[in-house]
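Student: I would like to see how this sequence folds:
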Amino acid sequence: MHPRQESPMASTAPTADMTQEIARVFALQQAHQWDVKASKAEERKAKLARLKAAVEAHADDIIAAVRKDTRKPEGEIRVTEVLNVTANIQRNIDNLEEWMKPTEITPSMNPNDKGLIVYEARGVCLILGPWNFPLGLVFGPLAAAVAAGNCCMVKLTDLCPNTARIAGEIVREVFDENEVALFEGDVSVAEALLELPFNHIFFTGSTRVGKIVMAAAAKHLATVTLELGGKSPVIIDEGADIDKIAADLAGAKQFNGGQACISPDYVFVREDQKDRLVQGFKAKVAENLYAEGKINKESIAQIVNKGNFARVKSLFDDAVAQGAKVAVGGDLEEEDLTIHPTMLTDVTPQMKILQEEIFAPVLPVMTYDNLDQVIEYIEARDKPLALYVYSDNEANVQKVLDRTSSGGVTVNGVFSHYLENQLPFGGVNGSGMGSYHGYFGFKAFSHERAVYLHQKAA
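Tutor: Numbers count the residues shown, from 1 in each chain. Below is the predicted model of the structure:
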C-alpha cells in the first residue's frame with residue numbers, strides 16, 4: 001500500500017443505495033452545471049465567503065477531528081487544515097474578478113477583428129483527497145473549482161473518517177448538493193465515483209493510484225490534475241551552510257512526521273561535510289523534540305496506521321541489514337506508531353529505502369565526489385515532485401536546473417516553492433500532471449476557450 005492513499009483500488013462493491021445516491025447527485029450536477037458556469041464573479045465570491053466562514057466557525061471541530069485521526073500536533077493542524085485553507089479561499093475571493101477577465105488578442109490576419117481567450121468552467125468535477133492533509137488538500141482544490149464555476153463531487157480518504165465527517169457537515173452547510181456534494185465511505189465509494197463521466201478529476205495521492213485514476217478518466221476523455229509524489233532529493237554543495245541545512249532538514253522531517261509529498265527523501269553531501277551534517281541534525285532534533293532524553297510525542301505526528309508503519313520499518317530493516325548505519329535516531333515504536341527522526345548513512349542504491357518514497361521521518365544520506373555524479377543519479381530516476389539545492393555557486397545551481405527535472409525547486413531552503421502561491425505547484429510525469437495554487441488552481445479547473453469575433457459586415 002502506498003503511503004498517501006487508501007488501500008489498493010480493489011474492494012467490495014459499494015451498496016446499491018450508495019451507487020444510486022452517487023448517480024442521483026451526479027445527474028443533479030450535470031443538469032445544474034450550466035447555471036453555475038454562467039455565474040458571475042460576485043456570486044462565486046459569495047459562495048467562497050460562506051465556505052471560509054464555515055471553516056472558521058468549525059475550526060475547533062476540524063482540529064479535534066484531524067487530531068483524532070492522525071495525532072498531529074495541534075499547531076500543525078491549525079496552520080495546514082484551517083489557516084492555510086481560509087487564506088487560500090480569501091486569495092480566490094480577492095483575485096477572482098481579475099482571473100475571470102477574458103484575455104484580448106489582436107488577430108494577426110485581420111487586426112480589425114477581435115480575439116478572446118475566455119476562461120470557462122470545465123463542468124462537473126471530482127476531487128479525491130489524501131490522508132496526510134485530509135481537509136487542506138481537498139478544500140484547497142475545492143475553492144479553486146468553485147472560483148472557476150464548476151460543480152463538484154468530493155471524496156476524502158477513508159483513513160480519516162472523523163475529518164471526512166466534519167468536512168461533510170461544512171459542505172452541506174455551505175452548498176446545495178446540485179453544486180457541491182461530499183461522499184464518505186471506503187475505497188469502493190471512490191471506485192464508484194470513478195465510473196462516472198466527469199469533465200475533470202483532481203487527485204492527490206500515490207503514483208500507483210494516480211495511474212488508476214488516469215485510466216478511469218481516459219474512458220470518458222476527462223482531463224486530470226494528478227498531484228502525486230516521489231523521492232525528492234537534497235543536494236548539498238561544497239561550501240554550503242551545514243548548520244542551517246541540518247536545522248532545515250530536522251524541521252522538514254518533523255513536520256507531519258515526514259508524511260508530506262514534498263518532504264526531503266534523501267540527501268547528497270560531500271564526505272568531508274557528512275559528520276557535521278549528522279551532528280547538526282542530531283542536535284536540532286534533540287532541541288526540537290526531546291527533554292531529558294525522552295521524545296515529546298505531542299510534537300510529532302504518528303505514522304498514519306499499522307500498515308504504513310510496517311512498510312517504513314521494512315525499508316529501515318532492509319537498509320540496516322545491507323550495511324546502512326543508524327547515525328541518528330532509529331527508534332520505531334510500534335505500539336503507538338511513533339518513528340523518531342532518523343538519519344541513515346552508508347546507504348547504497350540497491351537498498352529499498354532508496355527505491356521507494358519513504359513518507360516518514362527517516363532520511364538516508366549519500367556522499368559524492370563531484371556534482372556530475374549527483375546529476376547522473378537523479379537523471380536516471382523518475383522525476384521527483386521537489387528538488388532542493390543548497391549552494392552559493394550560481395553556476396552549480398544552474399547546472400542542476402539545466403540537467404534535472406522536477407515538479408518544483410527550492411534553492412537554499414525547503415518547501416518554499418510550495419508555500420509561494422504565485423508559483424504553480426505540481427509534479428511532472430511520475431510525480432504528477434498539471435498544477436494548482438492561486439491563479440494556477442483557477443486555471444486547472446478552467447478551459448481556455450478561443451473566441452474569434454469578426455468585425456461587423458459593412
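
Student: mind listing what's buried in stretch 38-52?
Tutor: 39, 41, 44, 45, 47, 48, 50, 51, 52 (16 or more other Cβ atoms under 10 Å). All C-beta atoms are positioned from the backbone trio N, CA, C, and that covers glycine.

Student: what's the helix or strand the third one falls within packed up against?
Tutor: I take that to be residue 44. In the assignment (DSSP states H and E), residue 44 maps to helix 41-57. With contacts taken as 3 or more Cβ pairs under 8 Å, 6 or more residues apart in numbering; DSSP states H and E, helix 41-57 sits against helix 84-100, helix 136-147, helix 161-174.

Student: Bridged to residue 367, which residues?
Tutor: residue 269 (DSSP bridges).

Student: can you pull the contacts of it?
Tutor: Residue 367 is in contact with 268, 269, 270, 271, 274, counting by Cβ atoms under 8 Å, 6 or more residues apart in numbering.

Student: and the angle for the helix holding residue 44 with helix 136-147?
Tutor: 160 degrees (axes from the mean of the first three to the mean of the last three Cα atoms, to 10 degrees).

Student: which parts of whatever helix or strand comes next after helix 41-57 are buried?
Tutor: Remark: after helix 41-57, the chain's next helix or strand is helix 59-70, criterion DSSP H and E. Residues of helix 59-70 classed as buried by neighbour count (16+ other Cβ under 10 Å): 59, 62, 63, 64, 65, 66, 67, 69, 70.

Student: Stretch 374-386 now?
Tutor: 374, 375, 377, 378, 382, 383, 384, 385, 386.

Student: Residue 407 versus the last one, what's the distance?
Tutor: By that I understand residue 386. 6 Å (Cβ to Cβ, to the nearest Å).

Student: hang on, the earlier thing: and the buried residues of stretch 38-52, which is closest to residue 87?
Tutor: residue 52 (9.2 Å; Cβ to Cβ).

Student: The nearest residue to that closest one once chain neighbours are set aside: neighbouring residues, count only.
Tutor: Nearest residue to residue 52, sequence neighbours excluded (Cβ to Cβ, 6 or more residues apart in numbering): residue 89, at 4.3 Å. Residues within reach of residue 89, counting by other Cβ atoms under 10 Å, total 27.

Student: And residue 89, how far from residue 76?
Tutor: For residue 89, the distance to residue 76 equals 20 Å [Cβ to Cβ].

Student: Same check on residue 101?
Tutor: Residue 101 is 37 Å from residue 76, where distance means Cβ to Cβ.

Student: Low-confidence bits of the chain, can you list those?
Tutor: Applying pLDDT under 70 to the chain flags the ranges 1-13, 457-458.

Student: And it, split by domain according to the record?
Tutor: 16-228+431-453, 233-419 (automatic domain parsing).

Student: gap between the two ends of the longest one?
Tutor: End-to-end distance of domain 16-228+431-453 (Cα to Cα, to the nearest Å): 50 Å.

Student: to the chain's geometric centre, what's the distance from that domain?
Tutor: 14 Å (Cα atoms, centre = their mean, to the nearest Å).

Student: Then the shortest one?
Tutor: Distance, stretch centre to chain centre, for domain 233-419: 18 Å (Cα atoms, centre = their mean).

Student: ok, and the closest non-adjacent residue to residue 106?
Tutor: residue 115 (7.0 Å).

Student: got a list of what that neighbour touches?
Tutor: Residue 115 makes contacts with 104, 105, 106, 107, 450, 451, 452, 453, as judged by Cβ under 8 Å, 6+ apart.

Student: What lies in contact with the biggest helix by length in the chain?
Tutor: Using DSSP state H, we find that the single longest helix of the chain is helix 16-37. With Cβ under 8 Å, 6+ apart as the test, helix 16-37 has contacts from 13-14, 120-121, 123-124, 149-153, 177-179, 181, 183, 185, 188-189, 192-193, 196.

Student: Could you rerun that using 6 Å?
Tutor: 121, 123, 124, 149, 151, 177, 178, 179, 181, 192, 196 (Cβ atoms under 6 Å, 6 or more residues apart in numbering).

Student: Taking those residues together, which two end up most distant?
Tutor: 149 and 192 (25.6 Å).

Student: More neighbours: which of the two?
Tutor: Taking other Cβ under 10 Å, residue 149 and residue 192 do not tie; residue 149 has more neighbours (26 against 20).

Student: Excluding chain neighbours, what is closest to that one?
Tutor: residue 121 (3.6 Å).

Student: what about the one you found, how many neighbours?
Tutor: Residue 121, neighbours per other Cβ under 10 Å, totals 25.

Student: Nearest residue to residue 173 in space, please, no chain neighbours.
Tutor: Closest to residue 173 by Cβ to Cβ, 6+ apart is residue 54, at 5.3 Å.

Student: for residue 102, that is, sorry about that
Tutor: Once flanking residues are discounted, residue 102 sits nearest to residue 116: 4.3 Å by Cβ to Cβ, 6+ apart.

Student: if I look at the residue lying closest to residue 85 once chain neighbours are set aside, how far off is residue 133?
Tutor: Excluding its sequence neighbours, the residue lying closest to residue 85 (Cβ to Cβ, 6+ apart) is residue 139, at 4.9 Å. Using Cβ to Cβ, one obtains 10 Å as the distance from residue 139 to residue 133.
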